[in-house]
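# mind looking at a prediction? Sequence and model below.
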Amino acid sequence: MDTAVLESRATNSGLANPGGRQRPSQAEAEAAVRTLIEWAGDDPDREGLAGTPERVVRAYQEFFAGYNEDPVALLAKTFEETAAYDEMIVLRDIRLESHCEHHIVPILGKAHVGYLPAGRVVGISKLARLVEVFAKRMQIQEALTSQIADSIQEVLQPRGVAVVIEAAHQCMTTRGIRKAGVSMVTSRMLGAFRDDPATRREFFAMIGGPRGASYES
Ligand SMILES: Nc1nc2c(ncn2[C@@H]2O[C@H](COP(=O)(O)OP(=O)(O)OP(=O)(O)O)[C@@H](O)[C@H]2O)c(=O)[nH]1
Ligand SMILES: [Zn+2]
């Protein structure tokens with residue numbers, strides 16, 4: 001399948017970079033941060049805060065770098081010389097740092113990604129990079145989970161994909177209801193992982209089952 005077809009399929013599933021709209025300039029973004037500082041009740045011109053708008057904008061560039069990345073291109077390079085390996089491939093305990101789209105505060109946790117190859121495999125680091133591409137956007141955990149699984153299914157067309165995410169939402173732990181220690185668990189099972197209970201069980205055995213919040217929340 002050529003890249004154009006893959007790109008259009010990814011776009012149809014809402015996977016492509018949703019940017020495309022005209023972005024404000026860096027100066028406009030810094031001015032917005034300055035407004036928030038004033039709104040919070042502090043003086044943006046005092047020494048400690050003078051460089052803060054610029055620093056916050058730089059931090060946002062890191063937090064939201066995923067809008068500049070293309071998940072389809074990331075998975076495009078595959079290998080077929082696998083000695084006919086056709087068992088499950090699982091990358092577990094991928095550190096996840098995202099931001100919730102409702103409050104723009106951190107979501108911290110772990111992702112586990114598995115698939116059953118159909119002839120070709122992808123470099124294992126690419127699975128972790130794929131998690132990053134979608135995590136470094138404003139997210140809800142359900143969409144993040146689906147986007148990771150769906151892009152692997154669309155691009156690699158394996159016999160199945162499984163994604164599990166366990167994460168703490170700081171919008172629940174540090175504000176609002178303030179329930180520390182709560183984690184949210186989401187999963188997306190496609191192909192054999194959805195249809196075959198034994199495959200699903202094998203995957204959960206390989207990731208050790210959702211193991212609770214062993215990350216900082
Ligand atoms: N389903 C889902 N909900 C999320 C996620 N991240 C944050 N939320 C929730 O999104 C909801 C937003 O609800 P609102 O009532 O609009 O916002 P709010 O008044 O700040 O809500 P509280 O957090 O309850 O104070 C909250 O219940 C959050 O807990 C997520 O990844 N998935
Ligand atoms: Zn939130």
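It's in. Numbering: from 1, shown residues only. Ligands and ions are numbered 1, 2, ... in the order given.
# who's sitting farthest from the centroid in the chain?
Arg46 (36.6 Å; C-alpha atoms, centre = their mean).
# can you pull the pLDDT of that one?
Looking at Arg46, its pLDDT is 98.
# just Leu6 next, same as before
At Leu6, pLDDT is 43.
# likewise for Asp86?
Note on Asp86: pLDDT of 88.
# find the nearest non-adjacent residue to it, please.
Among residues not flanking Asp86 along the chain, Pro117 sits closest, at 6.3 Å (C-beta to C-beta, 6 or more residues apart in numbering). C-beta coordinates here come from the backbone N, C-alpha and C atoms, glycine included.
# and the one you found, how many neighbours?
Neighbourhood size, Pro117 [other C-beta atoms under 10 Å]: 22.
# from what I see, it and Arg159 are in contact.
Yes - the pair Pro117 and Arg159 qualifies as a contact (C-beta atoms under 8 Å) at a distance of 7.4 Å.
# quick check: chain neighbours aside, which residue is closest to the most centrally placed residue in the chain?
With distances taken as C-alpha atoms, centre = their mean, the residue of the chain nearest its centroid is Ala135 (2.6 Å). Nearest non-adjacent residue to Ala135, counting by C-beta to C-beta, 6+ apart: Ser98, 4.1 Å away.
# now do Thr78
Using C-beta to C-beta, 6+ apart and skipping residues adjacent in sequence, the residue nearest Thr78 is Arg120, 4.1 Å away.
# hmm, the one you found is touching Leu156, no?
Yes - between Arg120 and Leu156 there is a contact at 6.8 Å, judged by C-beta under 8 Å.
# contact residues of this protein facing ligand 2?
Counting by C-beta under 5 Å from the ion, the chain comes close to ligand 2 at Cys100, His102, His103, Cys171.
# please identify which helix or strand holds Arg55.
Element membership for Arg55, per DSSP states H and E: helix 52-63.
# so how far is that helix from its chain's centroid?
How far helix 52-63 lies from its chain's middle: 19 Å, per C-alpha atoms, centre = their mean, to the nearest Å.
# which neighbouring elements make contact with the helix or strand following that helix?
Remark: after helix 52-63, the chain's next helix or strand is helix 71-74, criterion DSSP H and E. Using 3 or more C-beta pairs under 8 Å, 6 or more residues apart in numbering; DSSP states H and E as the contact test, the elements touching helix 71-74 are helix 3-12, helix 124-135, helix 141-156.
# with adjacent residues omitted, what lies nearest to Met189?
In space, and not counting its chain neighbours, Met189 is closest to Ala162: 5.3 Å by C-beta to C-beta, 6+ apart.
# please report how far the one you found lies from Phe79.
Noted for Ala162: a distance of 21 Å to Phe79, by C-beta to C-beta, to the nearest Å.
# more neighbours: these two, which one.
Per other C-beta under 10 Å, whichever of Ala162 and Phe79 has more neighbours is Ala162, with 28 against 11.
# perfect, I'm done here.
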